[in-house]
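Trainee: okay, here's the prediction I keep looking at, along with the sequence it came from:
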Amino acid sequence: MIVLTKAIVLRIIKFKDSSLIVKCYTEQGLKSYLLKGVLGSRKSKIKSAYFQPLNLLEIVANHNDKGTLNSIKEVCLSYAYSNIYNDVTKQSLVLFLAEVLNFSLQEEEANNALFNFLYSSFQRLDNQKDIANFHLVFLLKLTKYLGFYPQTKNLDCAYFNLQEGLFETRNSPTSIQDKKIIVFKTLLGINFDNMETLKLDKVQRQQLLDVLINYFELHLSGFKKLNSLPILQSVFN
């Protein structure tokens, strides 16, 4: 079936000598494409330069229902980043967020709300000046669409159980407390519009990121070790 859809690039893998396999999250859901010969031919209509992590594309694609790789017939940028590729910090964030999404997005069905959230978030990242807390806000918001956003009842409790996703009065092996829970509670009241009001030093920011990554690991069976994490940590230190 030939479709016209917007797409967000998640992962690019070289295949043989001249081809790519590209994993994208589209308006139609999670899709993977085989781009034959894009690395070895100047005559190819599909240019490999379009397929960079988190690029926002519009594609004409052939989507099949046989479980095999799909193909792309036409591609163009649906939104051209103006700042991300000139900013080392934003580039590091892009690599990190693309890797998180590659492990987090597992359902192949269309989810318009999730797609629109991702699409608008990366446009915001491109235009935002203060991005020190962007990834923290993004990860927490993403849990809403993945089905494990923290329950916000009993915020006065001393513990947050990461496994259960709720605040409680007793400690457990997967609970956070003390300084970590104070910062975590503060993050619950933050969005992209006011994220600069979340004042964190580098230790607090790293602790909060560790909590969020642990939260994802506990709730997503396919979530693996993030190779991009050390790069992100070095940028924000």
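Mentor: Cool, the structure landed. Treat the numbers as computed from the prediction; the structure is a model and nothing was measured.
Trainee: in the chain, what residue spans correspond to helices?
Mentor: Counting by DSSP state H, one finds helices in the chain at the ranges 88-104, 112-127, 134-146, 178-188, 202-219, 229-236.
Trainee: and for Tyr79, the neighbour number?
Mentor: Tyr79: 15 surrounding residues under other CB atoms under 10 Å. (Glycine included, C-beta is placed from N, CA and C.)
Trainee: was I right to think Gln52 contacts Val9?
Mentor: Yes. With contact defined as CB atoms under 8 Å, Gln52 and Val9 form a contacting pair (6.4 Å).
Trainee: and the two? Which one has more around it.
Mentor: Val9 (20 against 16).
Trainee: backbone dihedrals for the closest residue to the more buried one other than its chain neighbours, please?
Mentor: Nearest-residue entry for Val9: Asn55, 4.6 Å, with adjacent residues in sequence omitted and distances by CB to CB, 6 or more residues apart in numbering. Main-chain dihedrals, Asn55, degrees, to the nearest 10: phi -60, psi 140.
Trainee: ok, Asn55 to Asn194 distance?
Mentor: Separation of Asn55 from Asn194 (CB to CB, to the nearest Å): 28 Å.
Trainee: which one's more surrounded, those two?
Mentor: Asn55 (25 against 11).
Trainee: mind listing what that one touches?
Mentor: For Asn55, the contact set (CB atoms under 8 Å, 6 or more residues apart in numbering) comprises 8-9, 77, 81.
Trainee: next one: His219
Mentor: 143, 146, 148, 165.
Trainee: count of residues packed around the nearest residue to the first one once chain neighbours are set aside?
Mentor: Spatially, and ignoring its direct neighbours in sequence, Thr143 is nearest to Tyr149 (4.5 Å; CB to CB, 6+ apart). Counted with other CB under 10 Å, the neighbours of Tyr149 add up to 14.
Trainee: ok, Tyr149 touching Leu187?
Mentor: No. Using CB under 8 Å, Tyr149 makes no contact with Leu187, being 11.9 Å away.
Trainee: shared neighbours of those two, anything?
Mentor: Shared contacts of Tyr149 and Leu187, counting by CB under 8 Å, 6+ apart, come down to Leu140.
Trainee: got the contact list for the nearest residue to Ile181 once chain neighbours are set aside?
Mentor: Closest residue to Ile181 apart from its sequence neighbours, by CB to CB, 6+ apart: Phe160 at 5.3 Å. Residues in contact with Phe160 (CB under 8 Å, 6+ apart) are 150, 166-168, 175-177, 181, 184-185.
Trainee: check the gap between Phe160 and Leu209 for me.
Mentor: According to CB to CB, Phe160 and Leu209 sit 16 Å apart.
Trainee: can you tell me how far the most far-flung residue of the chain relative to its centre is from Asn70?
Mentor: Ranked by distance from the centre of the chain (CA atoms, centre = their mean), the top residue is Lys43, with 32.9 Å. As defined by CB to CB, Lys43 lies at a distance of 22 Å from Asn70.
Trainee: average pLDDT for the longest strand seen in the chain, rounded please.
Mentor: Determined from DSSP state E, the single longest strand within the chain is strand 2-15. Strand 2-15 carries an average pLDDT of 96.
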